[in-house]
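> this one's structure only:
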């Protein structure tokens, strides 16, 4: 699958819109008019850092007003919103980029995307002198772009030489005390900031960093605090495209920022950063091909913010009862029967996708709708993605509410999506597990404890209690007794080795053992696939079909087993001893029971 | 779990903010000043119609400016955007609600949320006279609210008596030919539209209809065309809260609309409609408690549009090879071995959640990253929610690209999320299946056809080829032959009935049969849980453990079986005939093989 399908689509768009030759190069300084009007690049970067690009995505140009979004973010990180909002508002002006737009009473610039607001923002960047302040800007922008950015000195000189209007704005700002001394230094840093060279890919990385919650998806470094990302995107959405902002949100529906260098970047929060570069500008100062490409990208890929698809039911992956899907622990028949009977009251919710407000609301509603017979809710978060604080708060409330009703909540949360201290602080008695299987096993143990007369075996299970010897006469039992050996294992001992020849059947008389399957890939951790408790036999499958041991069996604690060797079984068979068919029939019955439970479980899991 | 956790939270918010007693009642007409300043209601409705409400959610009040969003939507539906945009812009004005804000050159109102734009919109509502035009508005609003709405006549009379400013605006609009004659009729309909009575729940239903893509989640009727929903939400986001719009998006981050009656509605696209009602207004004309409640709701539930969580990997639910998880079809051992060997080249992607651009991009990227050994991709959409046109286009492109490489694509699409005609038109040879199991079965059949010497049995499988009779001497085989009977079944015949006593083992010699499990709930459709093909025995489990038949077995086509009765098996056993332990051992081996495959499958499914 090369070239990738998505690259193909953006190549088509590039092909289509390269023929657009309306619009003019910016010419208020001669340096900008030197650009090649045919330059045209498109770059899309996903929030996890995958790059799709086409055309002149390497061609450098000056960042210009696109810088305003990032210098505003910088000072939000530095001073916090309360301090910044005293000097810069967040209301759209409905006016052009170079309008003065100060609040008539306070002199506060209406927003950070007009020149007045941007100069104020840059003026707030701390530093002892011009060099230090500018270097702060340049280095932060470089972190955003994941590349060391430099300045187009001739553009900077030219901006500085001719920037009288911006100097007038700066002095007005100083008059209203929105800008501190020295006024000239602030304007100079601003001119130089606008003259930083970027390419289309840089802008897409910067946009993707905003899409990724302030974390640069290429370097994996934080470049903006998460709470400031939504603030920067908010002003971009209402003010980012000058007096075309309303129409832009209408037609494209992405927070965006453009510059007279020909660059436009757009952000689909949580998903994508997009940048288009082409220096032909429309009368509002936006790239002609840029606007056209963004419109079509938005339409083609349904990126409009307000066209977000309706949340579907699929946040709940599966709901089932413990009576339908059990743990991997193999238990004696009496225990299994109790679990089958009482497992109805224990419900498992497997969640998937990101857990934010609406998804959690679905979970809680679905839990509320279950009839009153449910005593325990197991919520499995192993497959969920991000969990936000709203979702966590709802789950905390759910925990309290269940506690009041005398019900139990078990949270399977291997990735620590939830903060356990918060649950502890609230004393809502939630049980946290790292594995669903452990949660299921715990619930089964509760059922066995409460409902089986002899739930746990204290001593050693007598050999004649094993299912494998049922229906044997007392005479036959004596014969069998003489054939059994007894073996003890320390905790951690390997009772059976994967791949070894199968020489005996084990009857677990005391202790517990776990089965681990080792992958062919030696680097991977062995997977615990089952556990056995006293009264259960293991190792019978390999004996029956003569295949090598399929897994390791490790003693969880000090354990004792009866063993029955293959050789003795063969002797019985060859002698035509009626014990042999009885044993085989019992092994068959045990496995038929296992098979029936497996089939039921597969049906629940696939459903 | 009653009261529900979410209701509890909004009750807390209601409790907290009812103490806010700043702000004043609207008093430009005496009727509005009669409201009780302490009225306070909150209502949240999910995009699928679940209602959470607290406080005075039943108290009626006049809709006022909230109506502007819906009359704008009405004329977009009626005339389309191109016609509407000639008369109404979409740029924020940065000015107050009653500002005139016409474009100085064309006289076009800047946006539909200021009075000038709203009067123009209402003026476009077609009808032969005042009554007909107003009724159009009232009945559409009623459809939005899922309730028949009426007018507060005294508010209407008062608005009409004192509305000189709006009459001035209307005449200016007429002067610029934005409004058609009769001017007075348009203003009167507008006054009466603003006097329609709603309660807080109505506004939440209207908001939820926008959140639900224009489909009313209570009545399930379409109330706005989907393409116009994003347009209405776009202007709400930039202009919905008067000159507080920028700060609103900044602090709350939801498209919203407020009215001087004290109502505010907000929309989280795809997820929620929210409404708050409290008649105390701030100087910008927005409800004081409304703004405070929305700010806290947004913070508490993380509803800010630009705080959308980063898309996680969980759109792909599972990836596995056919060699790890097979279909439910039971096959002879030689076939199973071939599938195990060649199934590596067939990969299944189970998708979950909503399939839009970014989710599909992940799928395609993940498919591209698999090594070249893959010949067939099975993409299972059974658990996906909405699929938008962007996702469909990408899958179409993927299909073409795979075809070029000589690879096969199978789409499991039971809900017809994709338009099959589009795939047919492109002749990209995609195989559509309604069930994953059918897709897996098909792939297995391909493998068997290509790799097994005698893949399909044309005639009748000789009885001695069945695994159950392996290791029998020729003498023993003759004995067995004498014990077998032969039975034929027509297509559709019920061979085994669920719940019946198990009297024989079946050996399928010809044809195919399917196993259906009937639920205890008689209303539910029987579920097909397995299928068998010639050379396989069935019905052995129930014979072995004496339990009643666990499922129906139905002949898919004309089928022939050998049967071996329980009585004859018992005779063998009682006679101590060495055939008996051999048969039991063979049945055990068959089931051990089944059990091993089930265990592997469970491990893949749980992984």
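Thanks, I have the structure now. Just so we're clear, the structure is a prediction, and the values are computed from it rather than from any experiment.
> residue A:238 - how many residues pack around it?
28 (other C-beta atoms under 10 Å in any protein chain shown). (C-beta placed from N, C-alpha, C; glycine too.)
> same check, this time on residue A:421
Neighbour tally, residue A:421, other C-beta under 10 Å: 8.
> what about the helix or strand hosting it, near chain B?
Assessed by DSSP states H and E, residue A:421 sits inside helix A:420-425. No - Helix A:420-425 stays clear of chain B (C-beta under 8 Å from any C-beta of the partner chain), getting no nearer than 14.5 Å.
> need the residues that contact that helix.
The contact list for helix A:420-425 (C-beta atoms under 8 Å, 6 or more residues apart in numbering or on different chains) reads A:392, A:396, A:399, A:411, A:430, A:432.
> tell me the mean pLDDT over that helix?
Averaged across helix A:420-425, pLDDT comes to 90.
> ok, and for that helix, which residues are buried?
residue A:423 (16 or more other C-beta atoms under 10 Å in any protein chain shown).
> now for whichever residue of the stretch 51-200 of chain A sits closest to chain B: which residues touch it?
Evaluated by C-beta to the nearest C-beta, the stretch 51-200 of chain A has residue A:91 as its residue closest to chain B, separated by 3.7 Å. Neighbour list for residue A:91: A:110, A:111, A:238, B:94, B:243, B:244, B:245, B:246, B:247 [criterion: C-beta under 8 Å, 6+ apart].
> and residue A:374, how many neighbours?
17.
> pLDDT score for the residue nearest to it when sequence neighbours are not counted?
Spatial nearest neighbour of residue A:374, chain neighbours left out: residue A:347 (5.2 Å); criterion: C-beta to C-beta, 6 or more residues apart in numbering or on different chains. On the pLDDT scale, residue A:347 is placed at 93.
> for residue A:326, see how far away residue A:347 is.
From residue A:347 over to residue A:326 the distance is 14 Å, taken as C-beta to C-beta, to the nearest Å.
> please apply the same query to residue A:277.
On the measure of C-beta to C-beta, residue A:277 and residue A:326 end up 59 Å apart.
> tell me which residue is most central in chain A.
residue A:385 (3.6 Å; C-alpha atoms, centre = their mean).
> which SS class is it?
strand (DSSP: H, G, I helix; E, B strand; the rest coil).
> for chain B, see how far away it is.
Distance check for residue A:385 against chain B: by C-beta to the nearest C-beta, to the nearest Å, it reads 2 Å.
> so that residue sits against residue A:354, correct?
Yes - at 4.3 Å, residue A:385 counts as touching residue A:354 under the criterion of C-beta atoms under 8 Å.
> does residue A:533 really touch residue A:334, like I thought?
No - taking contacts as C-beta under 8 Å, residue A:533 lies outside contact range of residue A:334: 11.8 Å.
> who's more crowded, those two?
residue A:533 (21 against 14).
> now that one. Nearest residue, chain neighbours left out?
Residue A:533 sits nearest to residue A:512 (C-beta to C-beta, 6+ apart), 5.3 Å away.
> how about the contacts made by that neighbour?
A:531, A:532, A:533, A:534, A:555, A:556, A:557, A:559.
> mind checking the SS state of residue A:265?
From three-state DSSP, the assignment for residue A:265 is strand.
> tally of neighbours for it?
Neighbours around residue A:265, by other C-beta under 10 Å: 33.
> surely it and residue A:257 touch.
Yes - in terms of C-beta under 8 Å, residue A:265 counts as a neighbour of residue A:257; the distance is 5.9 Å.
> so for stretch A:17-24, what's the average pLDDT?
Stretch A:17-24 comes out at a mean pLDDT of 92.
> equivalent analysis for stretch A:83-95, please.
So the average pLDDT for stretch A:83-95 ends up being 85.
> list the buried residues for that stretch?
For stretch A:83-95, by 16+ other C-beta under 10 Å, it's A:84, A:85, A:87, A:88, A:89, A:90, A:91, A:92, A:93, A:94.
> which non-adjacent residue is nearest the fifth one?
Of all residues beyond its chain neighbours, the one nearest residue A:89 is residue A:110 (4.9 Å), with distances taken as C-beta to C-beta, 6+ apart.
> what is the burial count for that neighbour?
Considering only other C-beta under 10 Å, residue A:110 is surrounded by 25 other residues.
> again with residue A:32
Based on other C-beta under 10 Å, the number of other residues close to residue A:32 is 22.
> wait, isn't it in contact with residue A:155?
Yes - applying C-beta under 8 Å, one finds residue A:32 in contact with residue A:155, separated by 7.0 Å.
> what touches both of the two?
Common neighbours of residue A:32 and residue A:155 (C-beta under 8 Å, 6+ apart) are residue A:62.
> okay, helices next: where are they in the stretch 401-550 of chain A?
A:420-425, A:436-451, A:474-483, A:540-545 (DSSP state H, counting those that start in this stretch).
> pLDDT weak spots in the stretch 1-150 of chain A?
Residues of the stretch 1-150 of chain A meeting the criterion pLDDT under 70: A:1-4, A:94-100.
> residues in contact with residue A:304?
So residue A:304 contacts A:252, A:253, A:254, A:298, B:230 (C-beta under 8 Å, 6+ apart).
> pick the one among these closest to residue B:548.
For the contacts of residue A:304, the residue nearest residue B:548 by C-beta to C-beta is residue B:230; the value is 58.4 Å.
> give me the phi and psi for the closest residue to that closest one other than its chain neighbours.
Leaving aside its sequence neighbours, residue B:230 sits nearest to residue A:306 (C-beta to C-beta, 6+ apart; 4.1 Å). Dihedral pair for residue A:306: phi -90, psi 10, per degrees, to the nearest 10.
> next, count neighbours for residue A:306.
Residues near residue A:306, counting by other C-beta under 10 Å: 23.
> so it sits against residue B:237, correct?
Yes - contact criterion C-beta under 8 Å: residue A:306 and residue B:237 qualify, at 7.3 Å.
> overlap of the contact sets of these two?
Common neighbours of residue A:306 and residue B:237 (C-beta under 8 Å, 6+ apart) are residue B:255.
> any idea how far residue A:177 is from the closest residue to residue A:351 other than its chain neighbours?
Ranked by C-beta to C-beta, 6+ apart and with sequence neighbours excluded, the top spatial neighbour of residue A:351 is residue A:384, at 5.0 Å. Distance, residue A:384 to residue A:177, by C-beta to C-beta: 50 Å.
> do residue A:395 as well
48 Å.
> neighbour count: the two, which is higher?
residue A:395 (26 against 10).
> relative to residue A:121, how far out is the more buried one?
39 Å.
> circling back to that earlier point, redo the contacts of helix A:420-425 as CSV? Include distance to residue B:165.
Below are the contacts of helix A:420-425 laid out as CSV (distance: C-beta to C-beta, whole Å):
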residue, distance to residue B:165
A:392, 49
A:396, 51
A:399, 55
A:411, 59
A:430, 59
A:432, 62
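> filter those residues down to the buried ones, ChimeraX style.
Of those, the buried ones go into a single ChimeraX selection, burial set by 16+ other C-beta under 10 Å:
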select /A:392,396,399,411,430,432
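> helix, strand or coil: sort out residue A:59 for me.
Per three-state DSSP, residue A:59 ends up coil.
> residues near the closest residue to it other than its chain neighbours, how many?
Ranked by C-beta to C-beta, 6+ apart and with sequence neighbours excluded, the top spatial neighbour of residue A:59 is residue A:39, at 5.2 Å. By other C-beta under 10 Å, the residues close to residue A:39 number 17.
> kindly report the same for residue A:576.
So residue A:576, with other C-beta under 10 Å, has 11 neighbours.
> wait, it touches residue B:576, no?
Yes - with contacts counted by C-beta under 8 Å, residue A:576 reaches residue B:576, the gap being 7.2 Å.
> identify the residues contacting the residue nearest to residue A:59.
A:56, A:59, A:61, A:262, A:277, A:278, A:279.
> tell me where chain A is predicted with low confidence.
A:1-4, A:94-100, A:308-314, A:371, A:454-458, A:519-525, A:603-607.
> which residue ranges make up each domain of it?
A:5-301, A:314-451, A:463-606 (automatic domain parsing).
> state the helix or strand in which the spatially closest residue to residue A:418 that is not a sequence neighbour lies.
For residue A:418, ignoring the flanking residues on the chain, the nearest one in space by C-beta to C-beta, 6+ apart is residue A:392 at 5.6 Å. Element membership for residue A:392, per DSSP H and E: helix A:389-404.
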